[in-house]
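Sequence first, predicted model second:
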Amino acid sequence: MSKEKKTLNVVGHSKLFYSISCALIAIFIILTFVIGLNVAIEFKGGTVLTYTYEGDIKTSDVSNTVSDSIGDKCTVTLGENTGNAGKTVEIKFSSTKGISDDKQNTLKTALEKDFPDNNIEVYESNDVAASSGMNFFFKCLAACALAMVITIIYIGFRFKKIGGISAGVFSVVALAHDMCMVYGCFVICRFDINANFMAVLLTILGYSINATIIIYDRIRENENLLGNKMELEDLVNLSITQTMGRSIHTTVTTVLAMATVCIVCIICGVTSILSFSFPLIIGMISGVYSSNCIAPTLWVHWKKHQAKKSHSGSKTGSTKKKASRR
């Protein structure tokens, strides 16, 4: 005889979950003002220096050379020149003033000194305006906002039997929570706010909402099966318990895959991919947390508030009827 699975009291501990999430978001906001935010060249403008090289080099070594020689922060990306099939290293500087010719010459000398066997040569130098990047940034934000609106409408229609619009709204609150966690990862890890940041946000939007919909679907099924035999709070706790294992297993599988990518990036010194893979891990973990502990519990509190308000309204109406009869 199999042992009955214990139902988790998720709704009963909802205030603890809200406190943890609010505290983390507050910390991220404070850190933004204290340590600042690294904005990439795509959104801030600056200079892109491209060099050709031979052999193998690491982006971390190039970053150290740049820091030691001219003292500026940069983003280093390795690539290939399709024109002559040569290897290239791209160094981006986020600055409204750009990099002066003297600094570029100093940097070239330092690179030739630190990498004597790689035959480093200047390929091109470009100044990047921030306007095009900001247009891309706002378009991505608009895409996120549109996705949230569509999510509310979709869940509103699909789960209208359990109050779909409110369920949709709180699923979007959970999505916003996950986006804040991703933002906090970029702040704490000092990753640049760039195209990777927007890519992670858009990926998490789809990943997190899928887990939330699964829970709502189980709530609807249990409500059809049990009807009024269970209190709403117990019904949601049961539904979360039934789907928790699936959510955790799915998340662990994807997180392990992304963790492997992170390890390879660290070993090879490829920071450009690391700034995508690691925040994505944080977003995935936050997604399973918000889908189980934020969205459904907020929905329960809202439904209880509505029921209390409706009961209070009907009671007031009944009292007025009695008074009018007298």
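Great, that's in hand.

give me the element the residue lying closest to R218 once chain neighbours are set aside is part of.
Sequence neighbours aside, S239 is the residue nearest to R218 in space, at 4.2 Å (criterion: Cβ to Cβ, 6 or more residues apart in numbering). Using the backbone N, CA and C atoms, a C-beta is placed for each residue, glycine as well. Using DSSP states H and E, S239 maps to helix 232-268.

Helix or strand next in line after that helix, which one?
Assignment by DSSP H and E places the next element after helix 232-268 at helix 271-293.

quick one: that next one to helix 232-268, angle?
170 degrees (axes from the mean of the first three to the mean of the last three Cα atoms, to 10 degrees).

buried set for helix 271-293?
By 16 or more other Cβ atoms under 10 Å, the buried positions in helix 271-293 come out as 271-272, 274-284, 286-293.

What helices and strands are in contact with the helix holding S239?
helix 195-226, helix 271-293, helix 295-325 (3 or more Cβ pairs under 8 Å, 6 or more residues apart in numbering; DSSP states H and E).

Out of the ones you listed, the one nearest L107 is which?
helix 271-293 (18.3 Å; Cβ to Cβ).

Can you give the distance of that closest one from its chain's centre?
6 Å (Cα atoms, centre = their mean, to the nearest Å).

could you say what helices and strands that helix packs with?
With contacts taken as 3+ Cβ pairs under 8 Å, 6+ apart, helix 271-293 sits against helix 14-34, helix 59-70, strand 75-81, helix 164-189, helix 195-226, helix 232-268.

after the third one comes which helix or strand?
Translated: strand 75-81. Assigned by DSSP H and E, the successor of strand 75-81 is strand 86-94.

quick revisit: N222 is in contact with the residue nearest to R218, correct?
Yes - contact criterion Cβ atoms under 8 Å: S239 and N222 qualify, at 5.4 Å.

Flag the shaky bits of the stretch 1-150 of the chain, pLDDT-wise.
Applying pLDDT under 70 to the stretch 1-150 of the chain flags residues 1-5, 81-85, 95-98, 129-133.

Now stretch 73-81: buried residues?
Neighbour-count burial for stretch 73-81 flags C74, T75, V76, T77, L78 (criterion: 16+ other Cβ under 10 Å).

wait, which of those residues is closest to S60?
The nearest one, if we look at the buried residues of stretch 73-81 relative to S60 and count by Cβ to Cβ, is V76, at 7.9 Å.

burial count for K309?
10 (other Cβ atoms under 10 Å).

State the distance from I263 to S69.
Here the criterion is Cβ to Cβ, to the nearest Å. By it, I263 lies 30 Å from S69.

scratch that, F159 is what I was asking about
59 Å.

Which one of these two is surrounded by more residues?
F159 (21 against 17).

ok, the more buried one - contacts?
A167, G168, Y216, D217, R220 (Cβ atoms under 8 Å, 6 or more residues apart in numbering).
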